[in-house]
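Peer 1: Pasting a predicted model and its sequence here:
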Amino acid sequence: MMSTFEELVASRRAWIEETLRPWCMRADRKELKKAADEWGDIAGRVDPESTLWTWAWSRFPQLVHEGLAGVDETHEVRLKLRDGTSVVGFPDGRQSSEGRLVLMCSAKAAQTEESGPHSIDDIENAERVDALG
């Protein structure tokens with residue numbers, strides 16, 4: 001039984017780090033959307049984009065930047081999709097939402113094309129292109 005406010009705060013922080021955040025990293029998109037609808041009751045007065053969805057995307061470490069909300073738009077990535085296909089591009093944070101990722105891909109004549117949205121459930125792996133050598 002907790003008797004102090006400090007113990008209560010510590011318990012809440014532990015629950016967030018040991019239960020809620022890991023759940024977000026494993027849950028499928030359908031479950032994440034359910035949680036997002038009730039996020040105020042579950043997590044308190046925090047933005048689901050900066051918590052739930054950022055934690056969900058962190059299952060692919062190359063798509064997030066520690067300490068920043070949402071997907072990291074600064075690095076080109078290669079997504080390997082569960083159907084065996086791959087796509088290369090820069091994540092578009094404005095168009096990516098609710099567990100769906102849009103990439104801006106290089107095209108001919110210095111234009112870009114969109115790829116996606118790709119469901120978080122359909123992505124097997126993400127790696128930075130510049131890290132591939």
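Peer 2: Sure thing, it's come through.
Peer 1: Residue 72 is in what secondary structure piece?
Peer 2: Per DSSP states H and E: residue 72 is located in neither a helix nor a strand.
Peer 1: What is the neighbour count of it?
Peer 2: By other Cβ atoms under 10 Å, 18 other residues sit near residue 72. Heads up, the C-betas are built off the backbone N, CA and C, glycines and all.
Peer 1: Tell me how far it lies from residue 96.
Peer 2: Going from residue 72 to residue 96 by Cβ to Cβ, to the nearest Å gives 11 Å.
Peer 1: what residues are up against the residue nearest the centre of the chain?
Peer 2: Nearest to the geometric centre of the chain sits residue 57, at 1.9 Å (Cα atoms, centre = their mean). Listed by Cβ atoms under 8 Å, 6 or more residues apart in numbering, the contact set of residue 57 reads 63-64, 70-71, 101, 120.
Peer 1: at 6 Å what do you get?
Peer 2: Residue 57 sits next to 63-64, 71 when contact means Cβ atoms under 6 Å, 6 or more residues apart in numbering.
Peer 1: Of these, which is the nearest to residue 92?
Peer 2: residue 71 (8.2 Å; Cβ to Cβ).
Peer 1: In the lowest-mean-pLDDT helix or strand in the chain, which residues are buried?
Peer 2: In the chain, no helix or strand scores lower on mean pLDDT, DSSP states H and E than helix 39-43, which sits at a mean of 85. For helix 39-43, a neighbour-count test (16 or more other Cβ atoms under 10 Å) marks 39, 42-43 as buried.
Peer 1: ok, now stretch 32-51?
Peer 2: Buried residues in stretch 32-51, counted by 16+ other Cβ under 10 Å: 32, 35-36, 39, 42-43, 48, 51.
Peer 1: pLDDT averaged over the following helix or strand past the least confident helix or strand of the chain, what's the number?
Peer 2: The C-terminal neighbour of helix 39-43 among helices and strands, as given by DSSP H and E, is helix 54-57. For helix 54-57, mean pLDDT rounds to 92.
Peer 1: For this structure, give me the ranges with low pLDDT.
Peer 2: 107-111, 131-133 (pLDDT under 70).
Peer 1: the helices in it, which residues?
Peer 2: With helices called from DSSP state H, the chain shows them at 5-15, 21-26, 29-37, 39-43, 54-57.
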